[in-house]
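S.K.: Structure, please.
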Amino acid sequence: MAKEKIALALCSHPDDAEFTCTGTLALLGQKGWKIHIATMTPGDCGSAELGPEEISAVRRKEGANSAAVLKGAYHCLESRDCFIAIDKPTILKAVELMRKVRPSLVFTHSPSDYFLDHEVTSTLVRHVVFIASVPNIKTKGFEPTNATPHLYYVDALEGKDIFGKPIEPSIVVDISSVIKTKEKMLCCHASQRGWLLKQHGIDEYVHLMQASGENRGKMIGSGFGEGFRQHLGHAYPQDNILASELGELVHQV
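M.R.: Sure thing, here's the model as predicted:
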């Protein structure tokens with residue numbers, strides 16, 4: 001069991017968490033967990049009409065509105081779309097976030113995904129959750145964390161790697177009871193429906209999320225699910241905290 005019930009989803013862009021893990025965050029919120037959603041960027045390339053600063057302002061507000069649905073907090077590390085880097089300034093920003101929030105459970109992107117921003121974020125988060133406790137890494141105003149949090153990777157988009165091969169989850173959480181909450185949070189990101197339609201030819205923004213949830217739900221005989229893989233490398237927590245907290249809603253697959 002976690003000493004402090006604090007969950008953090010640290011993804012690349014506003015709306016990434018809403019597509020992949022806010023159902024599970026909603027369930028954790030019902031169990032008394034404090035919820036934080038953070039993005040590496042403010043989504044500055046997420047518009048064909050607005051300039052970078054204009055769309056960033058819109059998307060930061062959308063991110064905050066979404067997190068507020070779970071009475072949670074939104075954070076942005078202010079990297080830039082398509083230029084997320086694993087360098088000292090970015091690492092220190094992420095370490096500072098870990099020390100500020102002090103999560104016991106972290107969600108991030110799949111190590112293999114369609115977008116390099118997601119893959120870079122995945123590697124960065126894996127690194128940062130491990131080093132945030134190192135005393136000789138200094139961050140102004142925030143003390144090192146006490147332990148490495150549980151780390152889970154969310155599903156890649158369409159559940160496949162860059163070669164089209166399936167990336168199967170090892171854990172599926174039944175989110176059927178909170179699918180409307182997940183929809184509400186995704187709909188906070190109103191700026192993105194038009195962008196996806198123009199850039200990728202994808203309409204029915206919410207339907208894309210629902211279809212993914214239905215696919216994972218079928219794996220466990222439920223209406224909707226979210227898939228995860230837990231990082232189980234050396235020195236990371238080995239127990240499945242999702243199963244401890246959410247009980248029968250969590251299925252090993």
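
S.K.: tell me which helix or strand of the chain sits lowest on mean pLDDT?
M.R.: Lowest on mean pLDDT, DSSP states H and E among the helices and strands of the chain sits helix 191-200, with a mean of 70.

S.K.: Beyond that one, next helix or strand please.
M.R.: helix 205-220 (DSSP states H and E).

S.K.: which residues in this protein form strands?
M.R.: 6-11, 34-39, 73-76, 105-108, 150-154, 171-174, 225-230, 250-252 (DSSP state E).

S.K.: now the first one against strand 34-39, angle please.
M.R.: The directions of strand 6-11 and strand 34-39 differ by 10 degrees, with axes from the mean of the first three to the mean of the last three CA atoms, to 10 degrees as the criterion.

S.K.: next one: strand 6-11 to chain centre, how far?
M.R.: 6 Å (CA atoms, centre = their mean, to the nearest Å).

S.K.: now the second one
M.R.: A distance of 8 Å separates the C-alpha centroid of strand 34-39 from that of its chain, computed with CA atoms, centre = their mean.

S.K.: With stretch 238-248 instead?
M.R.: That offset, for stretch 238-248, works out to 18 Å (CA atoms, centre = their mean).

S.K.: Now do the helices in this structure.
M.R.: For the chain, helices defined by DSSP state H occupy the ranges 16-20, 22-30, 52-69, 88-101, 116-131, 179-187, 191-200, 205-220, 241-246.

S.K.: Point out the one among those that comes closest to L8.
M.R.: helix 88-101 (5.3 Å; CB to CB). Heads up, the C-betas are built off the backbone N, CA and C, glycines and all.

S.K.: quick one on the thing from earlier: out of the strands of the chain, nearest to K160?
M.R.: strand 225-230 (12.1 Å).

S.K.: Pull the distance from that closest one to the chain's centre.
M.R.: 11 Å.

S.K.: what comes up buried for stretch 70-84?
M.R.: L70, G72, A73, Y74, H75, C76, L77, S79, R80, D81, I84 (16 or more other CB atoms under 10 Å).

S.K.: now the strands of the chain in TSV, with mean pLDDT and distance to N240?
M.R.: Shown next, in TSV, are the strands of the chain (pLDDT from 0 to 100; distance: least, CB to CB, whole Å):
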stretch	mean pLDDT	distance to N240
strand 6-11	98	14
strand 34-39	98	19
strand 73-76	98	25
strand 105-108	98	11
strand 150-154	98	8
strand 171-174	98	7
strand 225-230	98	6
strand 250-252	98	7
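
S.K.: and P135, what does it touch?
M.R.: If you count contacts by CB atoms under 8 Å, 6 or more residues apart in numbering, P135 has them with P144.

S.K.: tell me the pLDDT at it?
M.R.: pLDDT, P135: 97.

S.K.: So it versus H75, what's the distance?
M.R.: Here P135 is placed at a distance of 23 Å from H75 (CB to CB, to the nearest Å).

S.K.: Repeat that for E183.
M.R.: 23 Å.

S.K.: can I get the strands of the chain in TSV with distance to V58?
M.R.: Formatted as TSV, the strands of the chain follow (distance: least, CB to CB, whole Å):
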stretch	distance to V58
strand 6-11	18
strand 34-39	13
strand 73-76	13
strand 105-108	24
strand 150-154	24
strand 171-174	30
strand 225-230	26
strand 250-252	35
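
S.K.: out of those strands, which comes closest to E18?
M.R.: strand 34-39 (8.4 Å).

S.K.: Could you list the residues in contact with that closest one?
M.R.: Contacts of strand 34-39 (CB under 8 Å, 6+ apart): 5-14, 16-17, 22, 25, 28-29, 63, 66-67, 70-77, 97, 101, 103.

S.K.: So which of the helices of the chain has the densest surroundings on average?
M.R.: Between those, helix 16-20 has the highest mean count of neighbours, a mean of 28, where neighbours are mean count of other CB atoms under 10 Å.

S.K.: May I have it exported as PDB, CA atoms only?
M.R.: Extracted C-alpha coordinates of helix 16-20, given in PDB (Å, rounded to 0.1, in the frame of the first residue of the first chain):
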ATOM      1  CA  ASP A  16      -2.800  12.200 -23.900                       C
ATOM      2  CA  ALA A  17      -3.800  11.200 -20.400                       C
ATOM      3  CA  GLU A  18      -7.500  11.600 -21.300                       C
ATOM      4  CA  PHE A  19      -7.100   9.100 -24.100                       C
ATOM      5  CA  THR A  20      -5.200   6.600 -22.000                       C
END
